[in-house]
Every structure is written in C-alpha cells, then in structure tokens.
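Engineer: The sequence and its predicted three-dimensional model are supplied below.
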Amino acid sequence: MVREIIKIDEEKCDGCGVCVPACAEGALQIIDGKARLISDMFCDGLGACIKECPQDAIAIETREAEPYDEITVMKQMMKAGENTVIAHLKHLLDHNETELFEQAIGFLKEQGIEVKIDEEEEHKPHACPGSKSAYNPKEKITEDTGSRDSHLTHWPVQLHLISPGAQQYRGADLLLAADCVPFAYPDFHKDFLNGKALAIACPKLDSNQQVYLDKLIHMIKTAKLRSITVAVMEVPCCSGLFRLAKAAIEYSGEDVPLDVVVVGTDGVIRNN
C-alpha cells in the first residue's frame with residue numbers, strides 16, 4: 001500500500017541514536033553506525049522521531065510500504081514492559097489515532113493484560129501540535145477597530161505557480177511560508193510579510209518537491225535574493241520547508257542569510 005513512512009538520509013545520519021528512544025514503536029535501530037528502519041510494519045508514519053534528530057536526517061515520505069501493524073507492534077512492546085506500552089498508547093492518543101488505540105487495548109485485553117490510562121487522559125484533547133482539533137480562542141480576543149492593510153504586493157504566491165525570475169523576486173527578501181502559517185498567526189501581514197516577497201508551500205502535501213528545490217535555486221542565483229525567511233508551523237512535517245530552503249542555498253553556492261520562524265498551533269511564536 002502507498003502510505004506515509006519515515007525516510008533516513010544516511011549521509012546526514014551520524015549514528016548518534018537519539019531517534020531510537022523517540023520511536024515508541026521500536027521501528028529504529030542503530031546498525032553499522034547508522035539509524036535504520038528495521039521494518040515498514042513498525043513505522044506508523046507519525047514522525048515522533050523527526051524533531052529529535054539533531055542532524056535533520058529524518059523526514060516523512062510517501063511510498064509503497066508494508067502496512068503498519070498495531071498488533072505486531074504491541075507484541076514487541078510487551079517485551080519492553082508496561083511503561084513502554086503506556087508511552088505508546090499515549091502516543092496514539094496524542095495523534096488522535098483512536099482506531100489504532102482501540103486495536104491495542106483490545107489485544108491487551110485478549111492477553112489478560114490491563115493497562116491503566118486514566119479516563120481523563122483518554123478523552124481529553126492531546127498535546128501533539130499536529131493533531132489538536134479544537135481550540136478556545138476567547139481568552140485571546142482583543143478589541144480591534146478599523147481594517148488592516150495588506151502587505152501582499154504580487155500574485156501568484158504558490159511555489160508551483162510562481163516564476164522564479166519574476167520582477168518581484170529580484171533582489172528581494174523572500175518569505176517562504178508554510179500554507180497554514182497565515183491562518184495560525186493573526187498578524188502575518190504586519191509581522192512577517194511587510195517588505196518581503198512571498199512564496200507559499202506545504203512540505204507534506206505538495207507533490208514534486210524537486211520542482212520547489214529547482215525554483216528556489218534559480219531564485220537565489222538569478223533573482224539574487226537578499227535573504228530568505230522560512231515561516232513554519234510547530235509540527236514535524238513542516239520542518240521540511242526549512243530543509244528545502246537550506247538545501248537550495250547550499251546547491252546554489254551563494255551566501256544568502258537564512259532565518260526561520262516557528263509558529264505554534266495556538267498562534268504563538270515559539271523560537272523567539
């Protein structure tokens with residue numbers, strides 16, 4: 001089946017092993033000095049290991065892969081003890097994977113094993129920034145009057161659609177924003193876009209990202225970008241946009257300042 005699964009860049013991986021305990025499913029091992037995905041069926045594709053890798057060597061890709069098997073994972077985890085099983089169950093809840101959670105609980109019951117996850121924990125909204133479904137913004141509402149000015153100076157802005165040699169990018173400071181950022185951050189125009197040329201992309205859902213890399217390289221070399229600011233969400237899949245910009249600068253051979261702004265799903269900047 002075609003599904004999301006992790007991919008390890010062996011050239012970047014230095015075998016530090018930080019990713020191994022971050023994978024609750026036990027899908028990673030250090031073999032011959034490199035992190036390896038030992039079986040497709042152990043990887044749930046949720047990317048908990050990505051943010052732990054200090055070398056940016058792990059990413060999510062979509063490819064033909066053996067289906068993830070929750071029962072096989074639970075059999076493996078039972079050998080590691082109750083704390084590991086509980087950590088895995090919480091991991092599933094954090095990502096709203098209720099179907100997999102029910103499979104795991106059902107299997108444990110069949111084995112005569114009772115694992116205590118308190119009812120409040122099981123039903124409350126969970127902390128994974130990529131999976132929260134609802135927020136209560138009332139506490140943040142402030143009294144605003146009048147309308148705000150748009151700082152968008154050109155169109156189109158989607159990276160697949162733009163022309164890298166267009167006038168608006170020549171000698172410009174580029175804001176490369178993940179699609180979700182303007183929705184999460186209320187002052188996007190005023191704080192991020194003012195004075196910059198814009199391109200938007202989704203590092204998880206957009207297809208043919210080699211085109212993105214080629215366009216960014218062309219913009220750096222031909223349009224002579226002055227700087228690139230990458231604005232991303234605080235979710236694992238979003239980090240790919242920063243890596244894409246970093247790779248484009250390296251391939252171009254140009255010395256272009258690169259900055260990143262990370263926005264939480266609650267609309268708060270995380271890396272200030």
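Structural biologist: Received it, and whenever you're ready, just let me know what you need.

Engineer: could you say which helix or strand contains the closest residue to residue 256 other than its chain neighbours?
Structural biologist: Spatial nearest neighbour of residue 256, excluding adjacent residues (C-beta to C-beta, 6 or more residues apart in numbering): residue 249 at 5.1 Å. Where C-beta positions appear, they are placed from N, C-alpha and C, glycine not excepted. Using DSSP states H and E, residue 249 falls within helix 239-252.

Engineer: and if you look at residue 89?
Structural biologist: Going by DSSP H and E, residue 89 is in helix 82-94.

Engineer: So for that helix, mean pLDDT?
Structural biologist: For helix 82-94, mean pLDDT is 78.

Engineer: before we move on, what about stretch 11-27?
Structural biologist: 85.

Engineer: How about stretch 238-248?
Structural biologist: 89.

Engineer: List the buried residues for it?
Structural biologist: 238-246, 248 (16 or more other C-beta atoms under 10 Å).

Engineer: What residue in this structure is the furthest from its centre?
Structural biologist: For the chain, the residue at maximal distance from the C-alpha centroid (C-alpha atoms, centre = their mean) is residue 112, at 37.2 Å.

Engineer: For that residue, give me phi and psi.
Structural biologist: phi 70, psi 20 (degrees, to the nearest 10).

Engineer: Would you mind measuring from it to residue 256?
Structural biologist: 61 Å (C-beta to C-beta, to the nearest Å).

Engineer: swap in residue 14?
Structural biologist: 26 Å.

Engineer: So the two - more neighbours on which side?
Structural biologist: Neighbours per residue, other C-beta atoms under 10 Å: of residue 14 and residue 256, the larger number sits with residue 256, 18 against 14.

Engineer: Show me the shaky parts of the stretch 151-272 of the chain.
Structural biologist: 272 (pLDDT under 70).
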